[in-house]
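Novice: sequence unknown, structure follows:
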């Protein structure tokens, strides 16, 4: 399908459902639906401390790194019935 | 003609995918924002009004590290907009601001999803949506033609379907600082 169709489709879906709008959420486009792992950091464990010369600064606690695995669920719309002539103009 | 068909697909996907982006279970469907959000345990005193104090309480249930996000990355997805629209502070000023066709509450963008539940016990979500990831497989977006469907082929028509593969999840590494909390309207 032409790229314009895809862009128009994404934009149109996002206008109705804001969680599909790339201006609102983190929107990741991948070519295929192969498994994708996205990392996340426990922000509540992040901190910073002063270091001084000649002072032993013990290692601080590492924040927990977690990951989420993304698959791809297939959605199919309801069918639209059109004449044979229209099909050749659309697809 | 093609724009009409594309519009039909937009509505179809927004209904089907949209419902799962709100309440999908995360195991056999994308993880919905409401499913992933933490219960703030706040229930409004009424199901016909939302008070200023209640909005403030829910707002501060979202950890500061998520509230600091710029306006365009923090959204509230909710159904009860008419109730929030009527909410006023002690000086009778409306809490909801409308500017440039955008509604903001506590300085943050308000998003309205048609898939959120409605009526008494409805939920509304306060979230840092930069932590909500929607993944789309672009090669999967296509239109499929069925030319030989009985009852249609005889009449010179085909059926056009559109397909799309997606997944979505809330990235929430620590339950103690969930990037999404929800509140409940009184039953």
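Specialist: Received the coordinates, thanks. Keep in mind that what you see is a predicted model, and the values were worked out from it rather than measured.

Novice: show me the contacts for residue 16.
Specialist: Going with chain A. B:10-11, B:14, B:18, B:114 (C-beta atoms under 8 Å, 6 or more residues apart in numbering or on different chains). Every C-beta, even on glycine, is put in place using the N, C-alpha and C of the backbone.

Novice: Sorry, I should have been clearer: chain B.
Specialist: Contacts were defined as C-beta under 8 Å, 6+ apart; by that measure residue B:16 touches A:75, A:77.

Novice: and what of the one 4 residues further on?
Specialist: Contacts for residue B:20 (C-beta under 8 Å, 6+ apart) come out as A:73, B:29-30, B:32, B:168.

Novice: and what of residue B:167?
Specialist: Shown here is residue B:167, whose contacts under the criterion C-beta under 8 Å, 6+ apart are A:70-73, B:30, B:134-135.

Novice: 7 Å instead, please
Specialist: With contacts defined as C-beta atoms under 7 Å, 6 or more residues apart in numbering or on different chains, the neighbours of residue B:167 are A:70-73, B:30, B:135.

Novice: what does residue B:47 give?
Specialist: B:120, B:185-187.

Novice: Export these to TSV and append columns for secondary structure and distance to residue B:100.
Specialist: Rendered in TSV, the data for these read as follows (DSSP: H, G, I helix; E, B strand; the rest coil; distance: C-beta to C-beta, whole Å):
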residue	secondary structure	distance to residue B:100
B:120	coil	33
B:185	coil	28
B:186	coil	33
B:187	coil	36
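
Novice: mind giving me a markdown table with these and columns for distance to residue B:57 and neighbour count?
Specialist: Compiled in a markdown table, the contacts of residue B:47 are given as follows (distance: C-beta to C-beta, whole Å; neighbours: other C-beta atoms under 10 Å in any protein chain shown):
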| residue | distance to residue B:57 | neighbour count |
| --- | --- | --- |
| B:120 | 20 | 12 |
| B:185 | 14 | 24 |
| B:186 | 14 | 15 |
| B:187 | 18 | 9 |
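
Novice: Could you point out which of those residues is nearest to chain A?
Specialist: Checking the contacts of residue B:47 against chain A by C-beta to the nearest C-beta gives residue B:185 as the nearest, at 19.8 Å.

Novice: Would you confirm that the closest one contacts residue B:119?
Specialist: No: using C-beta atoms under 7 Å, residue B:185 and residue B:119 do not qualify as a contacting pair, with a distance of 8.1 Å.

Novice: show me where pLDDT drops low in the chain?
Specialist: Answering for chain A, as no chain was given. Applying pLDDT under 70 to chain A flags residues A:1, A:59, A:89-91.

Novice: oops, chain B please
Specialist: Applying pLDDT under 70 to the predicted model, the residue ranges of chain B that meet it are B:1, B:70-80, B:175.

Novice: mind listing what residue 84 touches?
Specialist: Looking at chain A here, since you left the chain open. Per C-beta under 7 Å, 6+ apart, neighbours of residue A:84: B:156, B:158.

Novice: think we crossed wires, I meant chain B
Specialist: Contacts for residue B:84 (C-beta under 7 Å, 6+ apart) come out as B:50, B:55, B:95-96, B:105.

Novice: chain center to the longest helix along chain B: distance?
Specialist: The residue-count maximum for a helix in chain B (DSSP state H) belongs to helix B:2-23. Average the C-alpha atoms of helix B:2-23, do the same for its chain, and the two points are 14 Å apart (C-alpha atoms, centre = their mean, to the nearest Å).
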